[in-house]
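Asker: Predicted model, plus sequence, below.
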Amino acid sequence: MESNIPRILLSGTNSGCGKTTVTCAVLQALVNRKKKVGAFKCGPDYIDPMFHSRIIGAKSANLDLFFFSENTLRYLLAKNSEDRDLCVIEGVMGYYDGMGLTTTQASSYHVAAVSGTPVVLVVNAKGVSLSVLATIQGFLTLYPEPNIQGVILNQCSAMTYPALAKAIVSHFGGRVRPLGFLPPMPNCTLESRHLGLVTADEVADLREKLQELAAQAEKTLDLDGLTELAAGAPPLCYEPVIFPKFDQKVRIAVARDKSFCFYYEDSLHALTEMGAELVPFSPLADASLPPHIHGLYLGGGYPELYAHALSQNTAMRSAIHAALSRHLPCIAECGGFMYLTQSIGDKPMVGFLPGSSFDTGKLSRFGYVTLTAKEKNMLCDAGDTISAHEFHHWDCPHTGSGFSAAKASGKSWDCVFANEHLYAGYPHFHFYSNPSFAINFYKACVKEKISHD
């Protein structure tokens, strides 16, 4: 299949150069122009897509070439762009930075190459002038076909920008277009946001900052030029990735509140595509699980910050323990896994799994892993694999042994409590990485439904 999707990728020279600020300014400005904007994030990050969708109002999804095949990435880009006027993809780290220190695999460069997306490089111009050209030239020449077609200067003054823009045009002969700048805006920094935790007042403050960024973007970014660049993107070619449609409909309870908010929306859509009704509930506020459910999904999030309230909700803790004891199919990732242990810190939790979660004070087992099943379980057969990711500061002395996790470096360890009813562990995964995992979870829910009808 082929789709014509106006799209650009905003990448940066490095983490901290301002690409998230620029991306949010562009997205908010385009939304204010009444454009239907699609937003995407390179990599496995949950936070930025939630920020794009919940705060800015731009439909958002992940693009990750460790999780997805090249075709799957193009398909998900097309699928999530069907009703959009244009799409903005936010890069990860520096443009060429991949999953290892010396590889571009799963980098923004890799995503741009696979998707044929025009790239705009965000360069921090604070404290430099003509040296900006050296930075741009390095990114244009390090690897073949970088697809960098535009440049935005961040932390640049209104007095400096015209001269630098002229120098960019002159030096590169039109190979890259200067597309504006953002001046220093210390009141609009977004680096410390912690979406999912924000109170109503904090949301209002964020939205005020974004409107200020959007107003600045209208003044000093070439939004028309960005739109024109997006419109010049080549057609996107892909084969659809289709999940089967089941005759049996199932109801799956999905924990969604401030403590559990990390989900890949495309993974959830895969379940609904097969016929599931997803029923949201709050382990913080609800006294019981939703009625007539056939499966349970406890995603990641921030249970450690709400441990007291989660612990105080003894009715919900008891309800989940009872449901799991009668073998309700359940996926519990990272924060969801912690909730099923005996305690988080000194606060009692569901207590279905052994061990207590504790704060390590640092990232533990951070990064991409490949999970291989050691035995047949609810999601797969022994030997089956899926790409996954870990990102957590908390740990547990008992993390399961149903899967082995292996990093590209060769380091490996056992993890995950897995049986014919349960997946519970720190690694989180995307169903489009291995659709059979989603299909098998759905089948387990169907089996649960039939057994209780």
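Answerer: Perfect, I can see it now.
Asker: Give the lowest-confidence helix or strand of this structure, using mean pLDDT as the measure.
Answerer: Every helix and strand of the chain was ranked by mean pLDDT, DSSP states H and E. The lowest is helix 47-50, at a mean of 81.
Asker: Buried residues, the top helix by length along the chain. List them.
Answerer: Assignment by DSSP state H gives helix 200-220 as the longest helix of the chain. For helix 200-220, the neighbour count (16 or more other Cβ atoms under 10 Å) marks 206, 209-210, 213-214, 216-217, 220 as buried. Glycine gets a C-beta too; all of them are placed from N, C-alpha and C.
Asker: returning to what we had before: for the least confident helix or strand of the chain, the distance to its chain's centre please.
Answerer: Computed by Cα atoms, centre = their mean, to the nearest Å, the chain-centroid distance of helix 47-50 equals 6 Å.
Asker: Can you classify the residue located most distally from the centre of the chain as helix, strand or coil?
Answerer: Relative to the centre of the chain, the most outlying C-alpha is that of Ser170, 38.4 Å out, by Cα atoms, centre = their mean. Following DSSP: H, G, I helix; E, B strand; the rest coil, we place Ser170 in the helix state.
Asker: List the contacts of the closest residue to Asn154 other than its chain neighbours.
Answerer: Using Cβ to Cβ, 6 or more residues apart in numbering and skipping the chain neighbours, the partner closest in space to Asn154 is Gly18 (3.5 Å). By Cβ atoms under 8 Å, 6 or more residues apart in numbering, Gly18 lies in contact with 12, 122, 124, 154-155, 182.
Asker: Okay, now the unreliable bits of this protein?
Answerer: Applying pLDDT under 70 to the chain flags residues 190-204, 453.
Asker: which stretches of the stretch 251-400 of the chain form helices?
Answerer: Counting by DSSP state H, counting those that start in this stretch, the stretch 251-400 of the chain has helices at residues 265-274, 307-312, 314-325, 335-340.
Asker: what packs against the last one?
Answerer: By that I understand helix 335-340. Helices and strands touching helix 335-340, as assessed by 3 or more Cβ pairs under 8 Å, 6 or more residues apart in numbering; DSSP states H and E, comprise strand 260-262, strand 295-298, strand 300-301, strand 422-425.
Asker: hmm, back to that, could you dump the buried residues of helix 200-220 to CSV with distance to Glu390?
Answerer: Formatted as CSV, the buried residues of helix 200-220 follow (distance: Cβ to Cβ, whole Å):
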residue, distance to Glu390
Leu206, 28
Lys209, 31
Leu210, 30
Leu213, 32
Ala214, 35
Gln216, 37
Ala217, 35
Thr220, 40
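Asker: OK, contacts around Pro44?
Answerer: Going by Cβ under 8 Å, 6+ apart, Pro44 touches 62, 64, 66-67, 368, 389, 391, 428, 430.
Asker: let me redo that: Val369
Answerer: Contacts of Val369 by Cβ under 8 Å, 6+ apart are 387-390, 405-407, 427.
Asker: Show me which pair in the residues you listed is furthest apart.
Answerer: Spanning the widest gap among the contacts of Val369 are His389 and Ala406, at 13.0 Å by Cβ to Cβ.
Asker: between these two, which one's more packed in?
Answerer: Set His389 next to Ala406 and count neighbours by other Cβ atoms under 10 Å: His389 wins out with 23 against 16.
Asker: On the strand side of things, show who that one bridges to.
Answerer: Tyr368, His428 (DSSP bridges).
Asker: All set, thanks.
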